[in-house]
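Peer 1: Sequence isn't available, so here's the structure alone:
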């Protein structure tokens with residue numbers, strides 16, 4: 001199942017906010033009062049600092065997640081951002097936005113980080129967000145993005161990390177994203193990429209962290225991906241892989257983190273992975289090998305961190 005623990009970010013508020021719940025927010029809205037989160041926003045009670053683990057990112061963020069923000073609220077938010085140009089990150093996750101709200105939000109041309117997961121945004125809204133010229137990090141889990149929206153995002157030359165898990169992206173959208181040359185982190189878990197879409201990433205030279213879990217990838221595409229010498233962190237859990245794929249991936253000496261849970265390989269695949277001397281960590285939970293996580297004793301000259309490692313501590317949301 002696709003859960004809600006995939007963000008690799010933590011927000012530390014600079015001012016103690018009131019902590020109004022979604023239920024309280026909806027109650028006040030039903031009584032005709034202004035959204036309390038927007039009231040707090042105007043008093044600068046919704047701003048803080050956003051840290052991204054894994055890449056050292058730091059942003060000044062306006063956090064309006066789970067505030068029941070509606071499309072009609074976005075103009076006020078855009079106006080607020082215009083008056084506060086230092087704010088370069090915005091969290092609208094788990095609100096109530098559609099294409100209309102996303103298109104209005106795209107009027108802002110200064111955002112660097114945007115979290116807009118768990119809304120109802122489709123391809124038109126996605127294309128509008130893709131036009132924000134300063135956007136480097138976009139988290140858009142569980143919306144209604146399909147191939148058209150993915151193709152629009154693929155045209156961006158500013159995006160470095162893109163999280164699109166739990167959408168409706170198929171092979172054509174994956175192929176478009178594979179041709180992007182600015183992306184470094186791409187998370188496509190629980191889409192419909194398939195073997196054809198996954199195979200397209202063999203030629204990509206910018207993406208170092210690629211997550212294609214639960215996408216019906218299959219052995220042929222996994223063997224093809226094993227030939228990519230730029231990817232360091234690869235997720236292929238629940239992708240119908242056998243020993244053939246595990247052995248091919250074990251032959252790659254660029255990979256540092258490899259996630260292969262819930263597949264179908266056994267002792268031969270596990271033995272090949274154990275013989276790899278360059279992997280920092282690999283996981284095989286749910287295979288006939290019976291191993292969950294193995295940490296490899298690798299000597300590192302500088303610290304290496306996977307944006308989705310489960311060993312990062314409390315400052316990160318776990319994979």
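Peer 2: Cool, got the structure. Keep in mind the model is a prediction, meaning the values are calculated, not measured.
Peer 1: Please make it C-alpha for all contacts and neighbour counts, starting now.
Peer 2: Will do.
Peer 1: low pLDDT regions in the stretch 201-319 of the chain?
Peer 2: Counting by pLDDT under 70, the stretch 201-319 of the chain has low-confidence residues at 289-293, 295-319.
Peer 1: mind listing the strands for it?
Peer 2: Per DSSP state E, counting those that start in this stretch, the stretch 201-319 of the chain carries strands over the ranges 209-211, 233-235, 257-259, 281-283, 293-295.
Peer 1: May I see those organised as CSV, with mean neighbour count and distance to residue 43 added?
Peer 2: Below are the strands of the stretch 201-319 of the chain laid out as CSV (neighbours: other Cα atoms under 10 Å; distance: least, Cα to Cα, whole Å):
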stretch, mean neighbour count, distance to residue 43
strand 209-211, 22, 39
strand 233-235, 25, 41
strand 257-259, 22, 43
strand 281-283, 22, 45
strand 293-295, 13, 46
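Peer 1: List just the one of those that sits closest to residue 180.
Peer 2: Residue 180 lies closest, by Cα to Cα, to one member of the strands of the stretch 201-319 of the chain: strand 209-211, at 13.0 Å.
Peer 1: Show me what that closest one pairs with in its sheet, parallel or antiparallel.
Peer 2: Applying DSSP bridges to the sheet, strand 209-211 is found paired with strand 185-187 (parallel), strand 233-235 (parallel).
Peer 1: any chance of these in JSON lines, with distance to residue 219 too?
Peer 2: Listed next are the strands paired with strand 209-211 as JSON lines, based on distance: least, Cα to Cα, whole Å:
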{"stretch": "strand 185-187", "distance to residue 219": "20"}
{"stretch": "strand 233-235", "distance to residue 219": "14"}
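Peer 1: Can you tell me which of those strands is nearest to residue 261?
Peer 2: strand 233-235 (8.9 Å).
Peer 1: and that closest one, how far out from the chain's middle?
Peer 2: 13 Å (Cα atoms, centre = their mean, to the nearest Å).
Peer 1: quick one: contacts of that strand?
Peer 2: 208-213, 255-260, 306 (Cα atoms under 8 Å, 6 or more residues apart in numbering).
Peer 1: repeat for stretch 80-91
Peer 2: Under the criterion Cα under 8 Å, 6+ apart, residues 42, 50, 59-65, 108, 110-116 lie in contact with stretch 80-91.
Peer 1: mean confidence score for it?
Peer 2: Averaging pLDDT along stretch 80-91 yields 97.
Peer 1: what's the answer for stretch 58-66, then?
Peer 2: Mean predicted confidence for stretch 58-66 is 96.
Peer 1: Quick one: neighbours of residue 104, just the number.
Peer 2: Using other Cα atoms under 10 Å, residue 104 has 19 other residues around it.
Peer 1: Check the gap between the closest residue to residue 226 other than its chain neighbours and residue 191 for me.
Peer 2: Spatially, and ignoring its direct neighbours in sequence, residue 226 is nearest to residue 249 (4.9 Å; Cα to Cα, 6 or more residues apart in numbering). With distances taken as Cα to Cα, to the nearest Å, residue 249 is found 22 Å from residue 191.
Peer 1: try residue 93
Peer 2: Taking Cα to Cα, one finds residue 93 at 19 Å from residue 191.
Peer 1: what about the strands in the stretch 1-150 of the chain?
Peer 2: With strands called from DSSP E, counting those that start in this stretch, the stretch 1-150 of the chain shows them at 9-13, 47-52, 57-63, 89-91, 113-115, 137-139.
Peer 1: The residue positioned nearest the centre of the chain and residue 190, how far apart?
Peer 2: The residue lying closest to the centre of the chain (Cα atoms, centre = their mean) is residue 163, at 2.4 Å. Going from residue 163 to residue 190 by Cα to Cα gives 11 Å.
Peer 1: try residue 264
Peer 2: Taken as Cα to Cα, the span from residue 264 to residue 190 is 18 Å.
Peer 1: higher neighbour count, the two?
Peer 2: Neighbour count, other Cα under 10 Å: between residue 264 and residue 190, residue 190 has more, with 23 against 20.
Peer 1: name the element the more buried one belongs to?
Peer 2: Counting by DSSP states H and E, no helix or strand carries residue 190.
Peer 1: so it makes contact with residue 170?
Peer 2: No - under the criterion of Cα atoms under 8 Å, residue 190 is not in contact with residue 170, lying 10.4 Å apart.
Peer 1: returning to that earlier point: closest to residue 178 out of the strands of the stretch 1-150 of the chain?
Peer 2: Nearest to residue 178 among those is strand 137-139 (16.6 Å), distances taken as Cα to Cα.
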